[in-house]
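Q: 3D, please:
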Amino acid sequence: MSSEISTECLVIGAGPAGLQASYLLKRAGRDHLVLEAGAAAGTFFTRFPRHRQLISINKVHTGWDDPELNLRVDWNSLLSDDPELLFTGYTPRYFPQADDMVRYLGDFAVKNDLPIRYDTRVVAVSRPDDFMVRDQHGVTYRAKRIIAATGVSQPYVPEIDGVEHAELYYDVSVDPKDFVGQKVLIIGRGNSAFETADALVETASVIHVAGPGSLKLAWQTHFVGHLRAVNNNFLDTYQLKSQNAVLDGHIAGIRRDGGGGYLVKVSFQRVNEVIKEIRYDRVILATGFRFDASIFTPDCRPQLTINARFPGQTAAWESVNVPDLFFAGTITQARDFKKSTSGFIHGFRYGVRALHRIHEHRYHGVDWPSRSLAPDAVTEAIIERVNRTSALWQLFAFMADAVLYGPDGVRYVEEVPVAYLHEAVARGEFGDVETYLTVTLEYGADHDKVNPFDITAGRTSQDDTSGLDGRYLHPVVRRFRGGTLVDEHHLTENLENEWDSETVHKAPLREYLR
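A: Model prediction:
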């Protein structure tokens, strides 16, 4: 084996994002290589989630024939030209098992013959001129650019006095029998914390789940990373006074009690930060994960953001301080943290495709795909897209279609990140643009402050042609000139998400565009 291997683009990680990037690079005929530390694709899913049930939905029977629409409720499939290579063919379970994901990702890699080197762990990334990447075998890879698709591979450990006494969700036992009769504290308020709590309800004597602030429920915030209903059975045991509880407060410290247990100081927010010390037999830390930047040498180590959990990124998913170092997958949630879906497959698969188009333009001079429209065809084009698109549906308020008006006519461009679109138009990457529209799907203002099950406040009338008061997901069209917002139009929300009424949707949009 050669001690140095050169390639144009090096992808680090063969999880869902790395596979999606490799698939698009191979289809475009671009020289690249994928390095994967594990023995197979999707190694992360061989271990996580710890209790093996995914929270990404897998709806097999939709009643739709349109494959684009089906992707709205298929949160696990990667994008490809093969209609048979869909996750929905692997299991009928609405919430599938992690092992099904491992099988699917393995098949995706094999069937597309992706250039992956397994059992190849990156130990150092430097940049004397080109990127130089070294693996554990001493082999060096030279590349012009890197796509880091390594995910959040390390546990995020908050600064708590005595936190070393806590067991990590990362490797704590998942056998409920190991917790029989024990009083357990779980630090964290996300799905990993409540997944763990649900698993221990039958065996632990008392379970407390603790964290600062109000508990965020996905059905209200519309952020799928907040607590999902599939993991909230524990809340029922709390509200019905079955020995379990959710503590709203900061953990101020953890110390041993001398008898094999732990004394934990909890600063309760609801009672003016009163501190109470509570004894537990076990303390589990389920506070999420972070990006591992340790493989990068100081000359090209990316800056970190959001409590040092993610790499800082531009609108093109490029490192803010290391040119030609790009990111793909769950780590791109730094761009829409707790707002949209870049942290999940059903979101970042479209982000990876947009990243690929950015690279095609920057490095190979390939224009972003577009189509010409007659001015009077814009209304129908927008209506057709909002009724079908999965990308705008999943990456709500983050990804947009664009209608570009210039001296050469009208062009329609699909699936551009909103922030990148504004920058690219200013740079002239889309040609001579005098004014442009963004087309997004968005929830209304303060949607997370309204109980969606309250019929008096949850939704607006579907006969209201203004759409301005809609809080549910609905199309929004905005007009920009020189990067400055001129005006905007909201289409009225619809229970079936069908924005095709001539009087309620089309006519008001046509009048706005005119």
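Q: ok, Thr341 to Val224 distance?
A: Counting by C-beta to C-beta, to the nearest Å, the gap from Thr341 to Val224 is 6 Å. From N, CA and C alone the C-beta is placed, and that goes for glycine too.
Q: Equivalent analysis for Ala424, please.
A: For Ala424, the distance to Val224 - C-beta to C-beta - is 28 Å.
Q: Pull out the buried positions in stretch 163-177.
A: Along stretch 163-177, the positions that meet the burial threshold by neighbour count (16 or more other C-beta atoms under 10 Å) are 163, 165-166, 169-170, 172.
Q: Gln136 touches Arg121, doesn't it?
A: Yes: with contact defined as C-beta atoms under 8 Å, Gln136 and Arg121 form a contacting pair (4.7 Å).
Q: mind listing the helices for the stretch 401-514 of the chain?
A: Counting by DSSP state H, counting those that start in this stretch, the stretch 401-514 of the chain forms helices over residues 418-427, 507-513, given from the N-terminal end onward.
Q: Name the residues of the longest one that come out as buried.
A: Of the residues in helix 418-427, those with enough neighbours to count as buried (16+ other C-beta under 10 Å) are 418, 420-422, 424-425.
Q: and if you look at stretch 504-514?
A: For stretch 504-514, the buried set under the neighbour-count rule, 16+ other C-beta under 10 Å, comprises 504-506, 508-510, 512-513.
Q: Distance to Ala197 and pLDDT for the residues you listed - can I get that in TSV?
A: Supplementary listing: those in TSV, determined by distance: C-beta to C-beta, whole Å; pLDDT from 0 to 100:
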residue	distance to Ala197	pLDDT
Val504	45	96
His505	44	97
Lys506	49	97
Pro508	48	97
Leu509	47	97
Arg510	52	97
Tyr512	49	97
Leu513	51	96
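Q: Check the residues you listed against Trp75 and report the nearest one.
A: His505 (26.9 Å; C-beta to C-beta).
Q: give me every residue that touches the closest residue to Val403 other than its chain neighbours.
A: Spatially, and ignoring its direct neighbours in sequence, Val403 is nearest to Leu437 (4.1 Å; C-beta to C-beta, 6 or more residues apart in numbering). Leu437 makes contacts with 378, 402-403, 405, 477-480, as judged by C-beta atoms under 8 Å, 6 or more residues apart in numbering.
Q: Buried only: go through those residues for me.
A: 378, 402-403, 405, 477-480.
Q: my guess is Val184 contacts Ile284, does it?
A: Yes: A contact is recorded between Val184 and Ile284 when judged using C-beta under 8 Å, the distance being 6.6 Å.
Q: Between those two, point out the one with more neighbours.
A: Each of Val184 and Ile284 has its neighbours counted (other C-beta atoms under 10 Å); Ile284 has more, 25 against 22.
Q: ok, the more buried one touching Phe179?
A: No: with contacts defined as C-beta under 8 Å, Ile284 does not count as touching Phe179, sitting 9.5 Å away.
Q: got the residue ranges for the helices in the stretch 151-300 of the chain?
A: All helices of the stretch 151-300 of the chain, identified by DSSP H, counting those that start in this stretch, fall at 191-200, 218-221, 233-239.
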